[in-house]
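*Asks:* structure here, sequence nowhere to be found:
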C-alpha cells in the first residue's frame with residue numbers, strides 16, 4: 001500500500017507505444033512514493049527532504065499532480081531553516097562557526113543541522129542547486145498556478161539567499177563549492193559551469209519577480225548583477241572550438257576544450273548566450289548529444305538538457321535516447337525490472353525509488369503533447385504536438401487551474417488527426433507542424 005500526499009492527479013498520458021507508458025508509470029509511482037508532507041529523496045534509505053527536486057522536478061510533477069499547496073509547505077520549510085546572522089555552532093576546538101546569513105540548507109526540514117566544515121553533511125549542506133529552491137521553486141509554481149502570493153511569500157528570503165551566494169564567489173566570479181551536475185554517469189560534474197549558471201538564473205528570476213511585485217529599485221539592481229554574472233561567464237567560458245564555432249568550455253579542464261551536455265544547455269536555457277554565438281552553441285550542444293548517443297547528464301543538468309533539446313528541434317534525439325535498452329536510459333530501468341525509478345544510471349542504482357531523474361515527464365506534456373504555457377496559470381497556451389517514431393496514437397490531458405487542456409493525436413495510414421480542447425477563456429494557439437510526415441495529411445478535428 002502506497003501512502004502519498006500526491007493524491008490529486010492533474011495530468012495523464014497514454015499512447016500505443018508501451019515503452020512510453022511504462023516509463024511514465026514508473027516515474028509517477030516514484031513521485032507518489034516520495035511526496036508525503038516532505039519531498040524525500042527515497043522512501044527506503046535516507047528519507048531526507050533534499051530540496052533540489054523542488055525546482056528541478058517541479059514542472060514534471062506539476063503536470064502530473066496538484067502541487068499548489070505542497071510547494072507552499074516546502075517553501076515554508078526552506079524559510080524556517082534559512083540561517084540568520086546570529087546562527088553559530090561550536091566547532092571541534094570550541095570556537096564559534098557562523099554558516100552565513102541567508103544560507104538555505106540543502107535539506108528542509110533539516111534534521112542533521114550541522115553546517116561545520118568536515119561535519120556530518122560536509123559539502124552537502126550548502127549547495128546552490130539545492131538552496132535555489134527558495135528562488136526557482138516559487139517561480140515554477142507561479143508559471144503553473146498563476147498565484148502571485150507565492151512570489152510575495154518567498155521574495156525576501158530569496159534576496160537574503162542571493163546575498164549569501166555573493167559571499168561565496170571566487171575572485172574569478174564563479175561559485176565552486178557544491179556538487180555540480182550531481183548524478184552524471186561519467187562524473188563530469190562541471191561544477192563551476194553549472195553552479196555559476198544557477199547564480200545567473202537566481203538573479204534573473206528574482207529581477208523578474210521584483211518587476212511583478214513592483215520593487216523597481218530591486219529589479220534594476222538584480223538585473224545589473226545578473227548581467228555582470230553573464231558577462232563574466234561568457235568572458236571566461238565562451239570560447240572558439242578548434243573547428244571554429246563558439247562553445248562553452250568546462251572550467252575544471254583548463255588544458256583542453258572539454259564540453260558537456262549540461263555545460264551547453266544551461267546557458268542556452270537561461271538566455272546567457274550572446275545572440276551572435278547562439279547558433280554555434282546550439283551546434284555544440286547537439287554535438288555533445290550525438291557523440292554520447294544518450295542523455296549523458298545528472299539530475300542537475302538533465303531538465304535543462306531535455307528542455308533545451310526540445311526548444312531547438314531535437315525531439316527525435318530525446319525519443320531515441322530515453323528508449324535505449326542500455327543505460328543511461330529510462331527504458332533500461334524498465335528492462336531491468338524496476339517499477340520505480342533508480343537513483344543513478346546503472347543496473348544497481350543504490351536507491352530503486354528515487355524521483356530525482358524523472359524530468360522526462362515534463363517532455364511528455366510539452367514535447368510530445370506540446371502543451372506549453374505562454375502566460376502564468378495557463379491563461380495563454382501553445383499546443384504544438386510531436387509524434388515519435390513508433391507511436392501512432394496518444395492522448396494527453398492536463399487539468400490546469402483554468403480547466404482541462406486535452407490533446408489527442410492518431411495516425412491511420414497516411415492520415416494524422418489532431419483534436420485539441422481548452423477551457424473557455426484560455427487564449428490558445430495550435431501549431432500542428434510537428435506532426436507533419438512525408439506523404440501524410442494532418443487534419444485538425
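*Replies:* Thanks, I have the structure now. Computed from a prediction, not measured in an experiment: that's the story for all the values here.

*Asks:* state the phi and psi torsions of residue 38.
*Replies:* When read as degrees, to the nearest 10, the backbone of residue 38 gives phi -120, psi 160.

*Asks:* from memory it sits against residue 74, does it?
*Replies:* Yes. Residue 38 is in contact with residue 74 according to C-beta atoms under 8 Å; the separation is 7.2 Å. All C-beta atoms are positioned from the backbone trio N, CA, C, and that covers glycine.

*Asks:* mind checking which of the two has more residues around it?
*Replies:* residue 74 (26 against 20; other C-beta atoms under 10 Å).

*Asks:* okay, and that one sits in which element?
*Replies:* Using DSSP states H and E, residue 74 sits within helix 68-81.

*Asks:* name the residues that touch that helix?
*Replies:* 5-6, 35, 37-39, 49, 51, 54, 58, 104-105, 107-110, 113, 131, 133-134, 137-138, 141, 144-145, 147, 150, 153-154, 157, 401 (C-beta atoms under 8 Å, 6 or more residues apart in numbering).

*Asks:* so what sits against both of residue 38 and residue 74?
*Replies:* Contacts common to residue 38 and residue 74, judged by C-beta under 8 Å, 6+ apart, are residue 49.

*Asks:* just to revisit the earlier point, continuing past the helix holding residue 74, what's the next helix or strand?
*Replies:* Beyond helix 68-81 toward the C-terminal end (DSSP H and E), the next one is strand 89-90.

*Asks:* list the helices and strands that following strand packs on?
*Replies:* Applying 3 or more C-beta pairs under 8 Å, 6 or more residues apart in numbering; DSSP states H and E, one finds that strand 89-90 contacts strand 96-97.

*Asks:* so for the strand it packs on, mean pLDDT?
*Replies:* Here strand 96-97 scores 92 as its mean pLDDT.

*Asks:* which residue is nearest the middle of this structure?
*Replies:* residue 56 (3.1 Å; C-alpha atoms, centre = their mean).

*Asks:* backbone phi and psi for that residue, please?
*Replies:* The phi/psi pair for residue 56 (degrees, to the nearest 10) reads phi -70, psi -40.

*Asks:* which residues does it contact?
*Replies:* 129, 299, 300, 302, 303, 356, 359.

*Asks:* what is the burial count for residue 127?
*Replies:* 25.

*Asks:* check it and give its pLDDT.
*Replies:* What the model reports as pLDDT for residue 127 is 95.

*Asks:* and residue 117, by the same measure?
*Replies:* Note on residue 117: pLDDT of 80.

*Asks:* in contact with it, which residues?
*Replies:* residue 97.

*Asks:* where along this protein do the strands fall?
*Replies:* Applying DSSP state E to the chain gives strands spanning 11-15, 35-36, 38-39, 89-90, 96-97, 238-240, 246-248, 371-373, 380-383, 393-400, 403-412, 415-421, 427-430, 441-444.

*Asks:* distance to residue 202 added to these, as CSV?
*Replies:* Compiled in CSV, the strands of the chain are given as follows (distance: least, C-beta to C-beta, whole Å):
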stretch, distance to residue 202
strand 11-15, 28
strand 35-36, 25
strand 38-39, 20
strand 89-90, 26
strand 96-97, 25
strand 238-240, 20
strand 246-248, 19
strand 371-373, 21
strand 380-383, 26
strand 393-400, 27
strand 403-412, 30
strand 415-421, 36
strand 427-430, 30
strand 441-444, 41
